[in-house]
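**Q** got a sequence here, can you model it:
(one chain, ligands or ions: 1)
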Amino acid sequence: MNVLVLNAGSSTLKFQLVRTDEERMLNAADERLARGQYERIGGETIYSVSVPNEPLVRGTAPLRDHRAAIDHLLSWLASDASPVPISSIAQIEAVGHRVTHGGERFWRSVRIDDDVLRGIEETIDLAPLHNPNNLKGIQAARGALGPGIPQVAVFDTAFHHTLPDHAYLYALPYQWYRRHRVRRYGFHGTSYRYVAYRYRTHTGRTREQTRIIALHLGNGCSACAIDGGVSIDTSMGFTPLEGLVMGTRSGDMDPAIIDHVASKEGYSSPEIEGILNKQSGLLGVSGLTNDMRELLAEEAEHGDRRARLAIELFAYRARKYIGGYLAAMNGADAVIFAGGIGENASSVRARICDGLQWMGIELDTERNEQTVGGKEGRIDRDGSRVEVWVIPTDEELLIARDTVRVVLGIEHQS
Ligand code: ADP
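**A** Sure thing, here's the model as predicted:
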């Protein structure tokens, strides 16, 4: 089945075209036919498409909205200029959408119909920054491909539906949960499902035999405790703001700071929320950038004190979460790093793990330094009680596979 995977942002559209079916899934023989993105939709849009073993295609076009971007993509895919092995749009058999928030209603991937659309609309309240964009992507794909092509929603929150109530509830008045659904939802669930699946594939262990602490460290960062194949705790909460230090988000902080700073600086609460989301984290502490690669360069080349401080805060918070999840699961078999920082920044991985030796987590310096740039592998020292892995994440692949499973009615396997 040829599945178009879409991830719609406010002015962006990332896509992948994946060929997969039951047999390909079993043999991990899914084929990536194309991947790429549209940026600055609404103005002079920049697009890039990469097809395996072909030169990168880049260009610009004035595309007014997501629908125009999808039309542009589809007509390119079906054109003679495209080396993608499909000859007409009719060969796209299903669409899988990344949807940020499924609220308490969507605990698994679902086929999109009017009722599901209404359900996603109802969760806008919980994810005002993300779900409206995901909906734009769904509407645009429906419009471009017609109602006959099945569309499936895969939710970032769904993997965390197994959180026990002591992990998902906040110690706040219980009515807030009852009336307003104030609870921990957690995000990055598709990424966690993928890395846990890869770990089981590598080790041959069953779901029940594994206790994993996974860290997804990208622009957004979170940690997850996966016990017996299911998420039992995760660091992001009601929104993706809680938990680890991120590129521009603060992660954990004392909520009393909000009123204090609001009264000192004259900010409104939306302004403070904007600062916590967009001007905090690595950017806020360093005063330089939200980009870990640049911070590492600043630290190495100029000995920048604030860059170092930001990286230290980042690593320290991650280390505390690893410690916390070791306690939550009474130990772990493996720590897994994923996301742009987790997959590439070996020195950050080393700083996170430094101090966890007592708990049985010991890195091998050479393995750690060599496992970068998309490589997958173990980076712990021989004899380390806890394995440490780098597993480049692949959310799009899981979205494609879920789409096929939902369309064909196959029970979820990973
Ligand atoms: P997103 O969450 O938007 O998908 P990514 O997973 O691509 O983001 O992660 C982006 C982060 O990864 C940035 O902080 C970037 O600096 C960092 N990163 C990417 N490559 C490297 C590298 N080689 N060294 C250090 N950090 C890196």
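**Q** the ligand contacts on this protein?
**A** With CB under 6 Å from any ligand atom as the criterion, the chain comes near the ligand at residues 218-220, 247, 291-293, 296, 339-341, 344-345. Yep, even glycine has a C-beta here, placed from its N, CA and C like the rest.
**Q** L309 reaches G284, doesn't it?
**A** No: between L309 and G284 there is no contact under CB atoms under 8 Å: 11.0 Å.
**Q** which one's more surrounded, the two?
**A** The neighbour comparison of L309 against G284 (other CB atoms under 10 Å) goes to G284, with 19 against 15.
**Q** pull the number of nearby residues for D354.
**A** A count of neighbours around D354, defined by other CB under 10 Å, yields 12.
**Q** what do you get for R205?
**A** R205: 15 neighbours (other CB under 10 Å).
**Q** now do stretch 327-346: distance from first to last residue.
**A** One end of stretch 327-346 to the other measures 25 Å (CA to CA, to the nearest Å).
**Q** how about stretch 357-369?
**A** 18 Å.
**Q** cool, stretch 229-237 as well?
**A** Stretch 229-237 has an end-to-end distance of 20 Å (criterion: CA to CA).
**Q** centre of the chain versus that stretch, how much separation?
**A** Offset of stretch 229-237 from its chain centre (CA atoms, centre = their mean, to the nearest Å): 13 Å.
**Q** please apply the same query to stretch 369-384.
**A** 21 Å.
**Q** please spell out which residues along it are buried.
**A** Residues T371, R378, I379, D380, R381, S384 are the ones in stretch 369-384 that count as buried (16 or more other CB atoms under 10 Å).
**Q** how about the third one, phi and psi?
**A** If I follow you right, that is I379. Dihedral pair for I379: phi -130, psi 10, per degrees, to the nearest 10.
**Q** and what of I213?
**A** Residue torsions, per degrees, to the nearest 10, at I213 are phi -110, psi 110.
**Q** okay, it: pLDDT?
**A** What the model reports as pLDDT for I213 is 98.
**Q** rewinding a little: reformat the residues of the chain next to the ligand as CSV; add neighbour count, secondary structure and pLDDT.
**A** Shown next, in CSV, are those (neighbours: other CB atoms under 10 Å; DSSP: H, G, I helix; E, B strand; the rest coil; pLDDT from 0 to 100):
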residue, neighbour count, secondary structure, pLDDT
G218, 18, coil, 95
N219, 16, coil, 91
G220, 20, coil, 94
G247, 23, coil, 96
D291, 17, coil, 96
M292, 24, helix, 97
R293, 12, helix, 97
L296, 18, helix, 98
G339, 22, helix, 96
G340, 18, helix, 95
I341, 26, helix, 97
N344, 21, helix, 97
A345, 23, coil, 98
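**Q** where along the stretch 201-350 of the chain do the strands fall?
**A** 211-217, 221-227, 230-234, 334-338 (DSSP state E, counting those that start in this stretch).
**Q** what would these look like in TSV with mean neighbour count and distance to I258?
**A** Converted to TSV, the strands of the stretch 201-350 of the chain look like this (neighbours: other CB atoms under 10 Å; distance: least, CB to CB, whole Å):
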stretch	mean neighbour count	distance to I258
strand 211-217	27	26
strand 221-227	27	21
strand 230-234	22	23
strand 334-338	26	31
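**Q** and the furthest pair within the residues of the chain next to the ligand?
**A** G220 and L296 (18.8 Å; CB to CB).
**Q** out of the strands of the stretch 201-350 of the chain, nearest to R58?
**A** Among the strands of the stretch 201-350 of the chain, strand 334-338 comes nearest to R58, with 27.3 Å by CB to CB.
**Q** report all helices and strands that the closest one contacts.
**A** Strand 334-338 sits against helix 189-203, strand 211-217, strand 387-390, with contacts defined as 3 or more CB pairs under 8 Å, 6 or more residues apart in numbering; DSSP states H and E.
**Q** quick check: which of those is buried the most?
**A** Burial of the helices and strands packed on strand 334-338 is given as mean neighbour count (mean count of other CB atoms under 10 Å); strand 211-217 ranks first at a mean of 27.
**Q** just want the angle from it to strand 221-227.
**A** On the basis of axes from the mean of the first three to the mean of the last three CA atoms, to 10 degrees, strand 211-217 is oriented at 170 degrees to strand 221-227.
**Q** so what secondary structure elements neighbour strand 211-217?
**A** With contacts taken as 3+ CB pairs under 8 Å, 6+ apart, strand 211-217 sits against helix 189-203, strand 221-227, helix 305-329, strand 334-338, helix 339-344.
**Q** what's the closest of these to I212?
**A** Ranking the helices and strands packed on strand 211-217 by proximity to I212 (CB to CB) places strand 221-227 first, at 4.3 Å.
**Q** extract the CA atoms of that closest one and return them as PDB.
**A** Extracted in PDB, the C-alpha atoms of strand 221-227 (Å, rounded to 0.1, in the frame of the first residue of the first chain):
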ATOM      1  CA  CYS A 221      12.500  17.100  24.600                       C
ATOM      2  CA  SER A 222      10.900  14.500  26.800                       C
ATOM      3  CA  ALA A 223      11.600  11.200  28.700                       C
ATOM      4  CA  CYS A 224       9.500   8.100  29.000                       C
ATOM      5  CA  ALA A 225       9.500   5.100  31.300                       C
ATOM      6  CA  ILE A 226       8.400   2.000  29.300                       C
ATOM      7  CA  ASP A 227       7.700  -1.000  31.400                       C
END
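**Q** direction included, what does it pair up with?
**A** Here strand 221-227 has these sheet partners by DSSP bridges: strand 211-217 (antiparallel), strand 230-234 (antiparallel).
**Q** what comes into contact with that strand?
**A** 159-160, 186-188, 192, 196, 210-216, 231-236, 240, 243-247, 251, 314, 318, 321-322, 325, 328-329, 332, 339, 341 (CB atoms under 8 Å, 6 or more residues apart in numbering).
**Q** got the angle between it and helix 189-203?
**A** Put simply, strand 221-227 runs at 50 degrees to helix 189-203, going by the same axes, to 10 degrees.
**Q** show me where pLDDT drops low in the protein?
**A** The model of the chain has pLDDT under 70 over residues 412-414.
**Q** excluding covalently adjacent residues, which one is nearest to the residue of the chain found nearest the ligand?
**A** The nearest approach of the chain to the ligand comes at G340, 2.1 Å away (CB to the nearest ligand atom). Nearest non-adjacent residue to G340, counting by CB to CB, 6 or more residues apart in numbering: G218, 4.7 Å away.
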